[in-house]
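Asks: need a structure here:
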Amino acid sequence: MTSSHDGSPTHALPTTDGSTGWTPRLWGTLIVLCAALFLDALDVSMVGVALPSIGTDLKLSTSALQWVVSGYVLGYGGLLLLGGRAADLLGRRRVFLVALAVFAAASLLGGLVDDGALLIGARFLKGAAAAFTAPAALSIITTTFAEGPARNKALSIFTTCGASGYSLGLVLSGLLTSVGWRWTFLMPVPVALLALVFALRLLPRQPRESHRGGYDVAGAVTGTAALLLLVFTVTEAQSVGWASLRTVGSLVAVAVLLAAFLLIEQRTAHPLVRLGIFRNGSVARANLAAFVLMGSYAGFQFVVALYLQRVLGWSALEMGFALLPAGALVALSATRMGAIVDRFGTGRLLPLGAASMVAGYLLFLRFGEHGSFVALVLPSMVLLGIGFALFYPSANIAATDGVADEEQGLASGLVNTAMQVGNALVLAVTTAVITAGSHGGTDSAAQLAGYRPALVLVSGVALLGLLITGAGVLFDRRRGGARHSVPDYDYARIGAEAALDAGVPAARGREQV
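Replies: Here you go, the predicted structure:
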């Protein structure tokens with residue numbers, strides 16, 4: 001027995017190299033961590049299916065309804081980098097326990113409120129909690145299970161739980177929403193509390209790392225505030241006017257906050273984001289592509305969720321099954337992508353994934369007042385599933401290519417933050433286009449008039465991602481080859497994140513519709 005940073009006893013679990021069996025306590029630890037990821041993935045897919053019912057019951061406009069999604073995304077994406085560092089500063093076990101308790105409380109609050117603003121606040125709080133549980137859980141796994149077969153096995157199980165949570169959430173949400181949308185928020189509460197009880201007993205106490213330079217709290221505050229204000233401004237601009245004093249003033253405030261963030265990152269001894277990392281072309285392109293392509297995915301699912309239920313009159317359960325093929329393809333491919341990347345390289349897979357996503361969006365532009373699952377929905381879902389499965393792990397690999405070992409965490413956090421912020425911003429613009437196109441009408445013709453330009457916008461954003469990834473291929477060829485060598489990369493972790501974000505998209509969670 002050893003002592004933690006604060007003097008309390010630690011109970012580090014015996015790890016294994018894979019040659020011997022795991023102890024019951026080791027299995028219990030893994031199950032608890034998997035439960036947290038399962039809940040994150042479940043929450044991502046369940047809220048997307050329930051959105052139309054939430055909007056009807058709470059009388060939320062399309063613009064306000066978008067914040068049920070964006071609130072979670074911003075809480076998660078805005079605090080993800082800070083969450084990972086807090087686990088080191090305060091202790092992984094402590095951060096995980098507190099964040100899981102907050103997640104349960106926010107779920108309960110979301111299921112009980114009768115006010116849209118309170119629901120959005122609960123969603124933000126839930127996303128913030130996920131921003132701390134996700135990196136803490138992953139770091140507990142990597143420090144508890146020995147590198148090699150044991151860790152790979154643990155991460156593969158972790159992957160399966162994330163994929164299962166998303167896929168199950170689509171169907172389960174349809175069943176729960178048929179009873180009442182509040183149950184999609186209340187159902188995770190007892191599961192989270194049960195996981196918390198076992199976590200208190202099973203998770204090892206580990207020493208906290210000592211960082212003399214402290215942590216970049218000022219950078220985290222200014223960066224998160226800038227992102228929040230930017231999305232809010234874009235969302236509200238269509239109602240108050242893009243040239244209004246309020247919109248212009250908000251954009252100026254965003255610029256000031258971003259300038260302050262960049263200045264802080266340049267001058268602090270231990271920045272939250274070392275800006276020099278973007279001199280790596282692979283990192284910069286991967287983050288840009290992740291930003292636009294994940295954003296397009298979030299916007300598309302938001303449009304489809306509203307279209308299927310409000311225009312075609314599908315039930316929540318029918319919609320859940322309709323979206324299931326894309327998530328299932330991602331889940332099935334999660335553990336096989338390593339061999340595919342090794343054979344073809346990220347430089348080729350990134351534009352292939354982007355092209356498949358663009359094709360899926362364009363194919364859905366055939367939608368109208370009538371549509372069938374087989375002829376309209378299924379082809380797009382298959383193309384999107386293939387595209388997402390190719391793009392997501394490749395983007396993660398490219399975003400960490402050529403980065404020093406001590407900055408791998410930063411690089412991984414950056415690409416995931418880019419994805420979540422892309423979700424929020426593109427979703428905000430998509431919502432504004434829908435509202436402007438429909439002119440407030442509620443009949444099918446008016447709604448289609450809003451959905452169609454929104455889907456054109458989504459396709460255009462994805463096309464930009466295709467151009468970015470295509471430019472990467474040309475650049476790599478000039479360097480002498482498009483193939484990235486990625487030996488020993490953690491494909492299981494990427495698969496777990498893909499399973500979570502595929503539901504977002506509206507998700508991680510991570511959140512998309």
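Asks: Show the contacting residues for the residue nearest to M187 when sequence neighbours are not counted.
Replies: Once flanking residues are discounted, M187 sits nearest to L176: 6.3 Å by Cβ to Cβ, 6 or more residues apart in numbering. Every C-beta, even on glycine, is put in place using the N, C-alpha and C of the backbone. Residues in contact with L176 (Cβ atoms under 8 Å, 6 or more residues apart in numbering) are M46, A50, W183, T184, M187.
Asks: which residues in the stretch 151-300 of the chain form helices?
Replies: 183-186, 188-202, 217-240, 245-267, 281-306 (DSSP state H, counting those that start in this stretch).
Asks: want to try JSON lines for the ones you listed, with mean neighbour count and distance to A326 as columns?
Replies: As requested, the helices of the stretch 151-300 of the chain are exported to JSON lines (neighbours: other Cβ atoms under 10 Å; distance: least, Cβ to Cβ, whole Å):
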{"stretch": "helix 183-186", "mean neighbour count": "22", "distance to A326": "20"}
{"stretch": "helix 188-202", "mean neighbour count": "17", "distance to A326": "22"}
{"stretch": "helix 217-240", "mean neighbour count": "19", "distance to A326": "25"}
{"stretch": "helix 245-267", "mean neighbour count": "15", "distance to A326": "33"}
{"stretch": "helix 281-306", "mean neighbour count": "26", "distance to A326": "9"}
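Asks: Distance to V95 and mean pLDDT added to those helices, as TSV?
Replies: What follows is those, written out as TSV (distance: least, Cβ to Cβ, whole Å; pLDDT from 0 to 100):
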stretch	distance to V95	mean pLDDT
helix 183-186	23	90
helix 188-202	12	92
helix 217-240	15	77
helix 245-267	23	92
helix 281-306	25	88
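Asks: could you dump those to JSON lines with distance to R348?
Replies: Converted to JSON lines, the helices of the stretch 151-300 of the chain look like this (distance: least, Cβ to Cβ, whole Å):
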{"stretch": "helix 183-186", "distance to R348": "39"}
{"stretch": "helix 188-202", "distance to R348": "39"}
{"stretch": "helix 217-240", "distance to R348": "32"}
{"stretch": "helix 245-267", "distance to R348": "33"}
{"stretch": "helix 281-306", "distance to R348": "14"}
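Asks: closest to P135 out of those?
Replies: Evaluated over these, closeness to P135 peaks at helix 217-240, with 13.6 Å, by Cβ to Cβ.
Asks: between the closest one and helix 245-267, what angle do the directions make?
Replies: 160 degrees (axes from the mean of the first three to the mean of the last three Cα atoms, to 10 degrees).
Asks: tell me what helix 217-240 is packed against?
Replies: helix 62-90, helix 245-267, helix 408-438 (3 or more Cβ pairs under 8 Å, 6 or more residues apart in numbering; DSSP states H and E).
Asks: Now tell me what touches it from outside.
Replies: 63, 66-67, 70, 74, 77-79, 81-82, 244, 246-247, 250-251, 253-254, 257-258, 260-261, 264-265, 268, 271-273, 421, 424-425, 428-429, 431-433, 435-436.
Asks: Return the member of the contacts of L176 nearest to D443.
Replies: Among the contacts of L176, and counting by Cβ to Cβ, the member closest to D443 is A50, at 23.3 Å.
Asks: Please tell me I have it right and that closest one contacts T184.
Replies: Yes. If you go by Cβ atoms under 8 Å, A50 and T184 touch, sitting 4.7 Å apart.
Asks: Now the common contact residues for those two.
Replies: S173, L176, T177.
Asks: distance of the second one from L312?
Replies: Looking back up the chat, that one is L176. 21 Å (Cβ to Cβ, to the nearest Å).
Asks: now swap in the first one and tell me
Replies: Here the distance between S173 and L312 works out to 18 Å (Cβ to Cβ).
Asks: Between these two, tell me which one has more neighbours.
Replies: When S173 and L312 are compared for neighbours, S173 comes out ahead with 28 against 20, by other Cβ atoms under 10 Å.
Asks: in a strand, that's where G371 is, yeah?
Replies: No. Counting by DSSP: H, G, I helix; E, B strand; the rest coil, G371 is not found in a strand; it is coil.
Asks: And for it, nearest residue in space, chain neighbours not counted?
Replies: With sequence-adjacent residues excluded and distances taken as Cβ to Cβ, 6+ apart, G371 is closest to L312, at 5.9 Å.
Asks: Quick check on the one you found: phi, psi?
Replies: Dihedral angles of L312 (phi, psi; degrees, to the nearest 10) stand at phi -80, psi -10.
Asks: right, and it touches G368 too?
Replies: No. If you go by Cβ under 8 Å, L312 and G368 don't touch, sitting 9.7 Å apart.
Asks: so what's the residue lying closest to L194 once chain neighbours are set aside up against?
Replies: Closest residue to L194 in three dimensions, ignoring its sequence neighbours and counting by Cβ to Cβ, 6+ apart: A35, at 7.9 Å. Counting by Cβ under 8 Å, 6+ apart, A35 touches C161, V191, A192, L194, A195.
Asks: And for G437?
Replies: G437 touches A449, G450, Y451, R452, P453, A454, counting by Cβ under 8 Å, 6+ apart.
Asks: Distance of L427 relative to A134?
Replies: 20 Å.
Asks: Looking at the two, which is more packed in?
Replies: Under the criterion of other Cβ under 10 Å, the comparison of L427 against A134 puts L427 first, with 34 against 27.
Asks: where does the more buried one land on pLDDT?
Replies: Among the per-residue scores, L427 holds a pLDDT of 83.
Asks: about what we covered before: please convert the helices and strands packed on helix 217-240 to CSV, extending it with distance to L125.
Replies: Listed next are these as CSV, based on distance: least, Cβ to Cβ, whole Å:
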stretch, distance to L125
helix 62-90, 7
helix 245-267, 22
helix 408-438, 16
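Asks: can you tell which of those is closest to T346?
Replies: Comparing the helices and strands packed on helix 217-240 under Cβ to Cβ, the one sitting nearest is helix 408-438, at 12.2 Å.
Asks: Nothing else from me, thank you.
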